[in-house]
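Visitor: show me how the following folds:
(one chain, ligands or ions: 2)
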Amino acid sequence: MLSLQKISITHFKNYEISSFCFDKSVIGICGLNGKGKTNLLDAIYYCCFTKSYFPGSDTLNIKFNQEGFRIESSFLLNEKPQHIVVINRVNAKKEFYLNQSVYEKLSQHIGLLPAVIVAPDDIDIINGSSDGRRKYIDTLISQLDNEYLQSLILHNKILLQRNSLLKNIASGNINDFGLLDVLDDQLSIPAQQIYNKRKVFLEKLLPMIILFYKNIADNDENLIAFYDSKICENNYKELLTINRQKDVAIQRTSVGIHKDDLLFELNDQVFKNIASQGQKKSLLFAMKLAEYETIKNSKGFTPLLLLDDVFEKLDDKRITNLLDWVCNKNKGQVFITDTHKVRLENTFNQLEIDGQIIEL
Ligand SMILES: Nc1ncnc2c1ncn2[C@@H]1O[C@H](COP(=O)(O)OP(=O)(O)OP(=O)(O)O)[C@@H](O)[C@H]1O
Ligand SMILES: [Mg+2]
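Guide: Ligands and ions are numbered 1, 2, ... in the order given. Model prediction:
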């Protein structure tokens, strides 16, 4: 099991100097809007991923008018203490220490202290374009399979080269179809590897998402999920050839794993077109809990679960189903934020959760 025992935050976002000790596996964090609930979860996330969950430069994370921030945290990983210190000063290289040793490469830390976060804006994974859903799949598989990550990096590099060549051919600067042949060969190798791994991985992940959704919704809603890809066994090179003329005309690669998607249907209709806000939020949680369960199965211990604004949009029955799994059936450490202290206390009492409540 992974658990966070203590965190001290100095000049990170709205925090001056604050320390929090956690002695339970379920921790409720409450406070009014703007008090720093999301920022506290983000400070925890930072210690696990060496960066903020939210996009933007690291300078934005430094408290206004301060020179830098510091986060210090103590974890227990399978009963072994792990001590993290992050120091980020304006105009200096970020320092990230594990047990007093500084990391040369921050990426070496990824996966050691795994965490899954669910933030309100994550609803874009459901509502938005396929980019968000591919990012969801890629982040998850990359954490568990470094070869996948390497194939993805290589694929993206060659794809950029191919697109730039297509532009040059279209504008008449270059007429090198031989080079296009070479790039097609080079691109097909990682693309086919990524497709094969996504296919195998999603065969297990998609049924898990459906099961979590059924547990949360607890009714006869019929959710189905597909992996949508134009690629099948060893045909990517052929697809590139078939689409070559079109690709030159539009000056980019129109077919490939960079267009893959996850499709969801609710009662035979496209999910994102017809689902209500609460149904969408339920699917988001189902996807995140499936991610959590997959990491847990692969690592052999429970990651941290950081749930921001769980109560928003979900009805009482769905909240109860969700929190009963997260806080009772699951044995990992979970952080839950809410603006209403009484609602959090009542939920804990009703579900007989022996949680710790922190008021900001
Ligand atoms: N770099 C920064 N320096 C100082 N304050 C900051 C910085 N970045 C964000 N803040 C402040 O942090 C506060 C937001 O904190 P946070 O998002 O954690 O609130 P919250 O408790 O989650 O609120 P809500 O209930 O609305 O979600 C805002 O008041 C914002 O101005
Ligand atoms: Mg918030």
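
Visitor: so which residues on the stretch 251-360 of the chain come close to ligand 1?
Guide: Residues of the stretch 251-360 of the chain lying close to ligand 1 by C-beta under 6 Å from any ligand atom are T339. Just so you know, the C-beta spots here come from the backbone N, C-alpha and C atoms, and that holds for glycine as well.

Visitor: let me see the domain layout of the protein.
Guide: Segmentation of the chain into domains, based on automatic domain parsing, reads 2-114+303-359, 127-272.

Visitor: as a markdown table, those with mean pLDDT, mean neighbour count and distance to Q279 would be great.
Guide: Compiled in a markdown table, the domains of the chain are given as follows (pLDDT from 0 to 100; neighbours: other C-beta atoms under 10 Å; distance: least, C-beta to C-beta, whole Å):
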| stretch | mean pLDDT | mean neighbour count | distance to Q279 |
| --- | --- | --- | --- |
| domain 2-114+303-359 | 95 | 17 | 9 |
| domain 127-272 | 94 | 16 | 7 |
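
Visitor: any chance of TSV for the ones you listed, columns distance to A286?
Guide: Output for these, formatted as TSV (distance: least, C-beta to C-beta, whole Å):
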stretch	distance to A286
domain 2-114+303-359	9
domain 127-272	4
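
Visitor: need those domains in a markdown table with distance to ligand 2, can you?
Guide: A markdown table is the format used below for the domains of the chain (distance: least, C-beta to the ion, whole Å):
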| stretch | distance to ligand 2 |
| --- | --- |
| domain 2-114+303-359 | 3 |
| domain 127-272 | 19 |
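
Visitor: and A290, which of the ones you listed is closest to it?
Guide: Nearest to A290 among the domains of the chain is domain 127-272 (4.1 Å), distances taken as C-beta to C-beta.

Visitor: now the closest one, how far from the centre of its chain.
Guide: The chain centroid and the centroid of domain 127-272 are separated by 18 Å under C-alpha atoms, centre = their mean, to the nearest Å.

Visitor: what's the answer for stretch 351-360, then?
Guide: The chain centre lies 25 Å from the centre of stretch 351-360; the measure is C-alpha atoms, centre = their mean.

Visitor: residues contacting the residue nearest in space to the middle of the chain?
Guide: By C-alpha atoms, centre = their mean, the mean C-alpha position of the chain lies nearest to Y136, the distance being 5.5 Å. Residues near Y136 by C-beta atoms under 8 Å, 6 or more residues apart in numbering: I125, L262, M287, E291.

Visitor: recalculate using a threshold of 10 Å.
Guide: Shown here is Y136, whose contacts under the criterion C-beta atoms under 10 Å, 6 or more residues apart in numbering are D122, I125, L205, L262, L284, M287, K288, A290, E291.

Visitor: now, these that are in helices?
Guide: Cross-referencing these against helices under DSSP state H gives I125, L205, L284, M287, K288, A290, E291.

Visitor: got a winner among those residues for most neighbours?
Guide: Neighbour count (other C-beta atoms under 10 Å) singles out M287 as the most crowded of the ones in helices among the contacts of Y136, with 27 neighbours.

Visitor: can you pull the contacts of that one?
Guide: Contacts of M287 were listed using C-beta under 10 Å, 6+ apart, and they are 118, 122, 125-126, 133, 136-137, 140, 205-206, 208-209, 212-213, 225, 262, 264.

Visitor: over to Q66?
Guide: Listed by C-beta under 10 Å, 6+ apart, the contact set of Q66 reads T10, H11, F12, E16, R89, V90.

Visitor: now it: which helix or strand?
Guide: In this structure, Q66 is located outside every helix and strand according to DSSP states H and E.

Visitor: how close does it get to G332?
Guide: The gap separating Q66 from G332 is 34 Å, by C-beta to C-beta, to the nearest Å.

Visitor: and what of N349?
Guide: Going from N349 to G332 by C-beta to C-beta gives 21 Å.

Visitor: ok, I210 to F285 distance?
Guide: For I210, the distance to F285 - C-beta to C-beta - is 13 Å.

Visitor: actually Q356, sorry about that
Guide: With C-beta to C-beta as the criterion, Q356 and F285 are 22 Å apart.

Visitor: kindly report the same for L113.
Guide: Noted for L113: a distance of 22 Å to F285, by C-beta to C-beta.

Visitor: what's next to stretch 348-357, contact-wise?
Guide: Residues external to stretch 348-357 that are found in contact with it (C-beta under 10 Å, 6+ apart): 20-30, 316, 319-320, 323-324, 326-328, 334-336, 338, 341, 344-345, 347.

Visitor: just the ones in strands from the residues you listed, please.
Guide: Secondary structure of the contacts of stretch 348-357 is defined by DSSP state E; positions in strands are F20, C21, V26, I27, G28, I29, C30, V334, F335, I336, D338.

Visitor: many thanks, we can stop here.
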